[in-house]
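Structure of the sequence below:
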Amino acid sequence: MATLLPLIGCVFIAFVVGSNDTSNAFGICIGCDILKFKKALCLFGPVVLLGAVLQGQKVMKTVGSDLLEVNLSILGVSLIVSALLIAFSNWKKLPLSTHQVIVGSFTGAGMASGIPVSMTFVVKIVLSWIVSPLGALFSAVLIYKLMEKTLSRFSVFRIETILKNLLILCAIVIAYTTGANELATVLGGAVHAGLFSTTAASCGGALFVFLGALFLSPRVIETVGKGITTLDPYSGFAAQFGAATSVFIFTCLGMPVSTTFCIIGGIVGVGALKGMETVRFDLMRKMMVSWVAAPLLSFCICFIATKGLMFFPKGFFWV
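The predicted structure follows:
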């Protein structure tokens, strides 16, 4: 039981990450009708695997070792709770940060079981959650302004062709950071608890991310690509590139940041440039509530669940 639940949790949450986070990489391309869904999937899966294998180790260490020493019991409770919360969010068509629910869950389960939690890393991670979408927003605004000055000399047809190619390139970078940051956050606890090797975890995780994208992602893609503000290839590229830049920088620092909220930050930045009336603030308010509630809710559920499970005989579930 001590190894079965973490295994189920890893498989389930990797599947849900695919359903939720394909929208981060290719939601704008699909929303702008640059790529069809099936073609986007063929790019998404291999690039996610590449990101996890080449650059996922830093984020895995932050989540699975620096924040707290995750064991199999904490891992099982945390991943099951996280997967259920993200699946519920996906069903309600509202993007949710995988990082926030996983970090909240690990912290709650760790504190309930008496495992020391590094408050220094808690503060660093929370600051990263605040700074990264703001960085994406300002980067998107800057890129949009630069494009207005530099691309205006080309014909409209030429500009559209350039932007479509750049949007696909940015989507590939986001897919790469999904593996190096998003999937690494999911697998960090499992790797450092000794459940999988880094390579095996990356390969298995990428497979289930792909399957989740294949079967469940279209609903969230519709929200990110078209729901916050109307996007064209010009503004879509600025938003995508701003988010890609911010996520990549934080990935290099080993910080588990939300790709979802960086994309949203970039979209809001270009949406505001086109006129604040184009931004759907009712949807933004729901996302802000989700941003605050997700880590707190996952923390509380895992804290209570862990306290309850510790009443079972040692060895049955708790190790």
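
Not counting its neighbours along the chain, what's nearest residue 305?
The shortest distance from residue 305 to any non-neighbouring residue, by CB to CB, 6 or more residues apart in numbering, is to residue 77 (5.3 Å). (C-beta placed from N, C-alpha, C; glycine too.)

tell me, how many neighbours does that neighbour end up with?
Residues contacting residue 77 under the criterion other CB atoms under 10 Å number 28.

just residue 293 next, same as before
With other CB under 10 Å as criterion, residue 293 counts 14.

what secondary structure does it sit in?
Three-state call for residue 293 (DSSP: H, G, I helix; E, B strand; the rest coil): helix.

on that earlier part again, output whichever strand or helix holds the residue nearest to residue 305 as PDB, restricted to C-alpha atoms.
Residue 77 belongs to helix 72-91 when elements are defined using DSSP states H and E. Output of helix 72-91 as PDB, limited to C-alpha atoms (Å, rounded to 0.1, in the frame of the first residue of the first chain):
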ATOM      1  CA  LEU A  72       6.400   7.400   0.200                       C
ATOM      2  CA  SER A  73       3.500   8.100   2.700                       C
ATOM      3  CA  ILE A  74       3.600  11.900   2.100                       C
ATOM      4  CA  LEU A  75       4.000  11.300  -1.600                       C
ATOM      5  CA  GLY A  76       0.900   9.000  -1.800                       C
ATOM      6  CA  VAL A  77      -1.400  11.400   0.100                       C
ATOM      7  CA  SER A  78      -0.100  14.500  -1.700                       C
ATOM      8  CA  LEU A  79      -0.300  13.300  -5.200                       C
ATOM      9  CA  ILE A  80      -3.800  11.700  -4.900                       C
ATOM     10  CA  VAL A  81      -5.200  14.900  -3.400                       C
ATOM     11  CA  SER A  82      -3.400  17.100  -6.000                       C
ATOM     12  CA  ALA A  83      -4.700  14.900  -8.900                       C
ATOM     13  CA  LEU A  84      -8.300  15.100  -7.700                       C
ATOM     14  CA  LEU A  85      -8.200  18.900  -7.200                       C
ATOM     15  CA  ILE A  86      -6.700  19.400 -10.700                       C
ATOM     16  CA  ALA A  87      -9.100  17.000 -12.300                       C
ATOM     17  CA  PHE A  88     -12.000  18.900 -10.700                       C
ATOM     18  CA  SER A  89     -10.600  22.200 -12.000                       C
ATOM     19  CA  ASN A  90     -10.300  20.800 -15.500                       C
ATOM     20  CA  TRP A  91     -13.900  19.600 -15.400                       C
END
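
what distance separates it from the centre of its chain?
14 Å (CA atoms, centre = their mean, to the nearest Å).

Show me what the longest helix along the chain packs onto, helices and strands only.
If you go by DSSP state H, the chain has its longest helix at helix 119-150. If you count contacts as 3 or more CB pairs under 8 Å, 6 or more residues apart in numbering; DSSP states H and E, helix 119-150 packs onto helix 98-113, helix 233-252, helix 259-273.

Rounded mean pLDDT for that helix, please.
The average pLDDT within helix 119-150 is 91.

before we move on, what about stretch 58-66?
On average, stretch 58-66 scores 90.

Put the alpha carbons of the very next helix or strand once past the longest helix of the chain into PDB.
Using DSSP H and E, the helix or strand that follows helix 119-150 in sequence is helix 156-177. The C-alpha coordinates for helix 156-177 follow below in PDB (Å, rounded to 0.1, in the frame of the first residue of the first chain):
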ATOM      1  CA  VAL A 156       0.800  42.200 -43.800                       C
ATOM      2  CA  PHE A 157       1.100  38.800 -45.400                       C
ATOM      3  CA  ARG A 158       4.900  38.700 -44.500                       C
ATOM      4  CA  ILE A 159       4.200  39.700 -40.900                       C
ATOM      5  CA  GLU A 160       1.600  37.000 -40.500                       C
ATOM      6  CA  THR A 161       3.900  34.300 -41.800                       C
ATOM      7  CA  ILE A 162       6.700  35.400 -39.500                       C
ATOM      8  CA  LEU A 163       4.500  35.500 -36.500                       C
ATOM      9  CA  LYS A 164       2.900  32.100 -37.100                       C
ATOM     10  CA  ASN A 165       6.400  30.500 -37.200                       C
ATOM     11  CA  LEU A 166       7.500  32.300 -34.100                       C
ATOM     12  CA  LEU A 167       4.300  31.300 -32.200                       C
ATOM     13  CA  ILE A 168       5.000  27.600 -33.000                       C
ATOM     14  CA  LEU A 169       8.600  28.100 -31.800                       C
ATOM     15  CA  CYS A 170       7.400  29.700 -28.500                       C
ATOM     16  CA  ALA A 171       4.900  26.800 -28.100                       C
ATOM     17  CA  ILE A 172       7.700  24.300 -28.400                       C
ATOM     18  CA  VAL A 173       9.700  26.200 -25.700                       C
ATOM     19  CA  ILE A 174       6.600  26.200 -23.400                       C
ATOM     20  CA  ALA A 175       6.300  22.400 -24.000                       C
ATOM     21  CA  TYR A 176       9.900  22.000 -23.100                       C
ATOM     22  CA  THR A 177       9.500  23.900 -19.800                       C
END
